[in-house]
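Undergrad: here's my sequence, what's the structure:
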Amino acid sequence: MNIEQTVSAAVAGLQLGNTFTLDTLLTAVQERRHRRLRVVELAGLDTSDGICAVWLVTDTADIVLHARSDSALHRQQFVLHEFAHMILGHCEGQDCAAEDVLLPNIPPYTRGRLLKRQDIDCETEIAAESLADRLAAGIRGSVFAETRYSEVFG
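TA: Got it, this is the predicted structure:
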């Protein structure tokens with residue numbers, strides 16, 4: 001897999017242009033997946049445990065739970081990384097389930113994603129982070145355009 005080509009195709013497929021807001025992106029992901037998408041800060045989630053965010057899939061919605069951070073940009077990156085997994089279709093059509101005895105009250109899809117989180121050097125994690133970076137750049141571009149940043153600071 002050529003990660004740069006995959007990420008570029010994913011960005012183009014969103015049809016959002018070069019700049020967009022987080023709300024516009026959220027709407028695009030919901031429309032693409034034909035389901036509601038909720039983003040929730042989970043106070044008990046601690047980045048020191050190695051989990052910054054998790055994407056949960058229910059029968060009717062996607063839920064992104066993210067850790068608290070003093071940095072809004074850091075929190076945004078947690079969320080964008082999970083959006084990137086959705087956009088890239090990671091785990092769709094695959095059996096991502098872990099053994100039922102390990103985490104019986106958590107849906108199989110979620111168990112599989114949680115247990116795979118530690119492999120941050122795999123292609124899917126690298127692609128998700130690369131796409132999250134590109135999405136963050138689009139959001140920053142929108143903020144700069146709306147505030148006339150470039151007119152003021154050149």
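Undergrad: every contact and neighbour count from this point should use C-alpha atoms.
TA: OK.
Undergrad: now do the contacts for the nearest residue to Trp55 once chain neighbours are set aside.
TA: Distances taken as CA to CA, 6 or more residues apart in numbering put Val64 closest to Trp55, at 4.6 Å, once the chain neighbours are dropped. Contact analysis of Val64 by CA atoms under 8 Å, 6 or more residues apart in numbering lists Leu37, Arg38, Val39, Val40, Ala53, Val54, Trp55, Leu56, Val79, Glu82.
Undergrad: which of those residues fall in strands?
TA: With strands taken from DSSP state E, the overlap with these comprises Leu37, Arg38, Val39, Val40, Ala53, Val54, Trp55, Leu56.
Undergrad: which SS class is the nearest residue to the fourth one once chain neighbours are set aside?
TA: The spatial neighbour of Val40 that comes closest, neighbours along the chain excluded (CA to CA, 6+ apart), is Leu65 at 4.9 Å. When the structure is reduced to helix, strand and coil (DSSP: H, G, I helix; E, B strand; the rest coil), Leu65 reads as strand.
Undergrad: where along this protein do the helices fall?
TA: Taking DSSP state H as the test, the helices found in the chain are 3-14, 22-33, 72-88, 108-116, 123-146, 149-153.
Undergrad: which stretch among those helices comes nearest Ser48?
TA: Closest to Ser48 of the helices of the chain, according to CA to CA: helix 72-88, at 13.7 Å.
Undergrad: any weak-confidence spans in this structure?
TA: Low-confidence segments of the chain (pLDDT under 70): 1, 47, 49, 91-121, 144-154.
Undergrad: and with 80 instead?
TA: Filtered on pLDDT under 80, the chain yields the residue ranges 1, 44-51, 91-121, 142-154.
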